[in-house]
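1. show me the folded form of this:
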Amino acid sequence: MSVEQYALLNEERLPKASEVSNRAQELGYDFQITEPVDLCIHKGYLPVKLDGADSGFEAYFVQTSGVEGLPSEASGTWPFAAVTITGGNSLEGMAATIYLRALVDIFGAAYWYPDDGVQQPGKASAYLTDAISSLKVLVERDAARASRRQPPPPNPEPPRPQPPKGGFFSRLIGRK
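-> As a prediction, this is how the structure comes out:
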């Protein structure tokens with residue numbers, strides 16, 4: 001299952017990756033885009049570090065005219081969108097949401113999550129901050145579960161066959 005999120009923009013360009021990382025850090029997140037990509041032309045996996053862990057998500061910059069299902073109130077208002085797509089991993093979901101939160105802050109943008117409708121520019125920041133807080137709880141829960149997991153027991157080596165030491169069969173084959 002994948003999750004799509006959108007920052008709805010009036011801008012024709014996105015800032016540099018370093019500017020997005022810096023804004024996320026100014027907002028209090030330990031977030032960094034780890035490759036110097038041009039976010040306007042980048043398509044696909046965007047590697048990031050979040051709280052010291054490697055993560056990432058799919059990121060795109062598109063025209064909203066090509067976005068399927070975009071509500072009518074958004075399609076004419078914002079011609080561009082920064083899109084993230086994530087799987088079921090809570091860390092990558094949190095990273096993608098922080099990325100969009102930084103863009104919303106930089107541009108005063110709106111935000112759209114298809115299940116929740118469009119969050120207008122004045123409300124998008126608070127909405128995303130709440131979403132990030134919820135995702136942080138999931139990330140911490142996942143980390144706690146991972147730390148409680150016991151490593152599997154080592155596979156015992158099968159016993160090695162021992163040469164006969166003497167006895168009936170040894171005498172049969174000529175060994176004492």
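2. longest helix anywhere in the chain?
-> Counting by DSSP state H, the longest helix found in the chain is helix 121-148.
3. elements contacting that one?
-> Helix 121-148 sits against helix 90-107, strand 110-113, with contacts defined as 3 or more Cβ pairs under 8 Å, 6 or more residues apart in numbering; DSSP states H and E. Bear in mind the C-beta positions are built from the backbone N, C-alpha and C, glycine included.
4. ok, for residue 49, nearest residue in space, not its chain neighbours?
-> What sits nearest to residue 49 in space, not counting adjacent residues and going by Cβ to Cβ, 6 or more residues apart in numbering, is residue 32, at 4.8 Å.
5. what angle do helix 90-107 and the longest helix of the chain make with each other?
-> Relative orientation of helix 121-148 versus helix 90-107 (axes from the mean of the first three to the mean of the last three Cα atoms, to 10 degrees): 160 degrees.
6. for helix 121-148, the averaged confidence score.
-> For helix 121-148, mean pLDDT rounds to 92.
7. now do that helix: distance to the chain's middle.
-> 12 Å (Cα atoms, centre = their mean, to the nearest Å).
8. one more: stretch 46-58?
-> 6 Å.
9. the nearest residue to residue 71 once chain neighbours are set aside in helix, strand or coil?
-> Nearest non-adjacent residue to residue 71, counting by Cβ to Cβ, 6+ apart: residue 118, 5.7 Å away. Secondary structure, DSSP: H, G, I helix; E, B strand; the rest coil: residue 118 is strand.
10. which ones are touching residue 118?
-> 8, 71, 73-74, 110-112 (Cβ atoms under 8 Å, 6 or more residues apart in numbering).
11. buried subset of those as a ChimeraX selection?
-> Buried residues among the contacts of residue 118 (16 or more other Cβ atoms under 10 Å), as a ChimeraX selection:
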select :8,74,110,111,112
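12. just to revisit the earlier point, which positions in the longest helix of the chain come out as buried?
-> By 16+ other Cβ under 10 Å, the buried positions in helix 121-148 come out as 121, 124-125, 127-129, 131-132, 135-136, 139.
13. need the contacts of residue 118 in TSV with distance to residue 97, can you?
-> Converted to TSV, the contacts of residue 118 look like this (distance: Cβ to Cβ, whole Å):
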residue	distance to residue 97
8	15
71	20
73	22
74	19
110	15
111	9
112	13
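14. which two among the contacts of residue 118 are spaced furthest apart?
-> The largest distance within the contacts of residue 118, taken as Cβ to Cβ, falls between 73 and 111 and amounts to 13.3 Å.
15. residue 15 belongs to a strand?
-> No - with three-state DSSP as the criterion, residue 15 is coil rather than part of a strand.
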